[in-house]
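K.L.:
Give me coordinates for this.
(one chain, ligands or ions: 2)
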Amino acid sequence: GLLQDGQALPTVFARMSARALEHDALNLGQGFPDDAPPDAVAEAAIAAIRQGRNQYPPGPGDAVLREAIAAHQAQWYGLQWDPASEVLVTTGATEALAATVLALVEPGDEVITLEPFYDQYAAIIALAGGVHRTVPLTSSTDPDTGDLVLDVSAGALREAFSERTRLVLVNTPHNPTGRMLSPEVLAAIVEEAERHDALIATDEVYEHLTFGAPHRPIAALPGAQDRTISISSAGKTFSVTGWKIGWVTASPELVTAITGAKQWLTYSSGAPFQPAVAAGLALPASAFEELAADLRGRRDLLTDGLREIGFRVSLADAGYFTVADAGPLGEPDADALAERLPTEAGVVAIPLSAFYRDGRAGEASAYLRLAFCKSRETIERALEQLDAWA
Ligand code: PMP
Ligand code: GLN
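P.N.:
Ligands and ions are numbered 1, 2, ... in the order given. Model prediction:
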């Protein structure tokens with residue numbers, strides 16, 4: 001069911017952003033930043049438009065951008081990719097994910113994701129006719145935070161694999177939890193994928209927004225590169241979520257298959273934005289670190305403020321979001337709470353159930369996801385309003 005009563009069903013992000021507009025509420029729901037892109041990136045896009053780079057670029061991507069993507073992977077992670085055969089530019093990570101699953105998953109093949117998962121994953125697995133298996137993140141033993149983590153010793157990862165497993169779709173740093181998968185968990189995923197001869201797709205769109213330990217791509221683990229499709233995007237790294245430039249790096253065979261799907265989805269992706277993203281990827285490390293440091297301050301502002309109000313809050317390692325348990329405030333049902341908050345507190349948040357199959361969030365039923373990629377002023381006002389409401 002992509003339609004309901006003849007209408008396209010809006011995603012939870014579209015629906016909650018509409019409610020923010022309708023009630024003039026502060027939008028800590030949908031993950032888009034208030035930040036401007038780096039000047040050099042914005043200027044490069046404007047220059048490209050003025051230079052006439054406004055018609056279809058090459059389907060697999062502008063050569064300048066493919067080279068910049070390969071150079072970035074080499075510089076940050078020591079991964080070597082051939083820009084001509086192992087890099088594909090896509091219309092956001094969204095298209096990279098869709099083209100990957102559509103190209104590689106046949107009806108009846110099993111695809112494993114963590115749960116909670118980014119909402120698109122269930123939809124694209126269904127579009128491909130795949131069978132979605134999940135590995136639950138469960139509460140850590142730290143009662144102060146209620147962190148959701150993957151406990152590899154629990155055996156759930158191993159049990160999710162079968163002889164029908166085609167693909168394991170990983171996401172680190174993780175949306176919605178804001179946590180990074182540990183090296184131990186990543187190694188366990190590679191080991192199981194090898195054992196079942198499954199492919200790994202990894203969604204790393206928050207790779208540069210880390211607040212402590214740096215991001216470790218799963219493709220850099222021993223033995224992983226050949227079976228791994230790495231996916232990222234310019235949206236978060238350069239605060240340009242509306243540009244929709246993403247990319248895939250993988251072996252030539254996998255890139256060829258994914259290009260086959262991509263060409264029928266969009267054929268090519270935003271011409272003037274491609275040289276601009278190439279300019280961004282070539283910026284010095286300090287340019288990447290500045291945004292992460294600034295976001296880290298806003299993570300702390302939101303986390304501390306929510307804790308003072310009485311939520312039980314996880315401390316995000318990375319990304320745009322934090323997860324807050326409203327249970328201690330006497331609110332056991334985050335779905336109902338998220339519906340009321342826009343009018344009662346003038347704040348929009350996303351219930352964690354949006355990231356679970358059939359909305360069944362189990363032990364996370366009282367959890368909200370709140371975005372801290374907004375201005376300090378917006379976060380401060382949201383905290384004041386939530387404090388007055390609580
Ligand atoms: N994956 C994850 C985990 C995301 O949070 C998002 C949304 N920002 C995307 C993919 C989509 O990325 P893009 O906007 O580049 O299509
Ligand atoms: N990735 C963004 C989020 O998680 C939303 C993107 C979208 O609206 N599809 O909030």
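
K.L.:
ends of stretch 149-158, how far apart?
P.N.:
Using C-alpha to C-alpha, to the nearest Å, one end of stretch 149-158 lies 16 Å from the other.

K.L.:
which residues sit against that stretch?
P.N.:
Among residues not part of stretch 149-158, those counted as contacts by C-beta atoms under 8 Å, 6 or more residues apart in numbering are 114, 135-140, 179, 181, 184-185, 188-189, 192. Heads up, the C-betas are built off the backbone N, CA and C, glycines and all.

K.L.:
Please spell out which residues along it are buried.
P.N.:
149-152, 156-157 (16 or more other C-beta atoms under 10 Å).

K.L.:
and the residue of the stretch 101-250 of the chain nearest ligand 1?
P.N.:
Nearest residue of the stretch 101-250 of the chain to ligand 1, counting by C-beta to the nearest ligand atom: Ser233, 3.1 Å away.

K.L.:
residue contacts, Leu137?
P.N.:
Applying C-beta under 8 Å, 6+ apart, we find Leu137 in contact with 114-116, 148-150, 177.

K.L.:
Check Leu337 too.
P.N.:
Contacts of Leu337 (C-beta under 8 Å, 6+ apart): 326, 331, 351, 366, 368.

K.L.:
Backbone dihedrals for the second one, both of them.
P.N.:
Looking back up the chat, that one is Glu331. With angles defined as degrees, to the nearest 10, Glu331 sits at phi -120, psi 90.

K.L.:
That one against Ala366, yeah?
P.N.:
Yes. Using C-beta atoms under 8 Å, Glu331 is in contact with Ala366, at 6.2 Å.

K.L.:
More neighbours: the two, which one.
P.N.:
The neighbour comparison of Glu331 against Ala366 (other C-beta atoms under 10 Å) goes to Ala366, with 24 against 18.

K.L.:
Please report the distance of the more buried one from Asp109.
P.N.:
As judged by C-beta to C-beta, to the nearest Å, Ala366 and Asp109 stand 35 Å apart.

K.L.:
before we move on, what SS does the residue nearest to Ile112 when sequence neighbours are not counted have?
P.N.:
Spatially, and ignoring its direct neighbours in sequence, Ile112 is nearest to Val168 (4.4 Å; C-beta to C-beta, 6 or more residues apart in numbering). Recorded secondary structure, Val168: strand (DSSP: H, G, I helix; E, B strand; the rest coil).

K.L.:
So for Val168, what's the pLDDT?
P.N.:
Predicted confidence (pLDDT) for Val168: 98.

K.L.:
just checking, Gln55 touches Gly270?
P.N.:
No. The criterion here is C-beta under 8 Å, and Gln55 misses it with Gly270 at 11.5 Å.

K.L.:
would you turn the contacts of Leu337 into TSV with secondary structure and pLDDT?
P.N.:
Listed next are these as TSV, based on DSSP: H, G, I helix; E, B strand; the rest coil; pLDDT from 0 to 100:
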residue	secondary structure	pLDDT
Ala326	coil	97
Glu331	coil	97
Pro351	strand	97
Ala366	coil	97
Leu368	strand	98
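
K.L.:
Pipe those into TSV and attach distance to Val105 per row.
P.N.:
As requested, those are arranged in TSV below (distance: C-beta to C-beta, whole Å):
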residue	distance to Val105
Ala326	36
Glu331	38
Pro351	28
Ala366	34
Leu368	32
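
K.L.:
circling back to that earlier point, the residue nearest to Ile112: neighbour count?
P.N.:
Val168: 28 surrounding residues under other C-beta under 10 Å.

K.L.:
For ligand 2, see how far away it is.
P.N.:
The spacing between Val168 and ligand 2, counted by C-beta to the nearest ligand atom, to the nearest Å, is 21 Å.

K.L.:
swap in Leu386?
P.N.:
Counting by C-beta to the nearest ligand atom, the gap between Leu386 and ligand 2 amounts to 19 Å.
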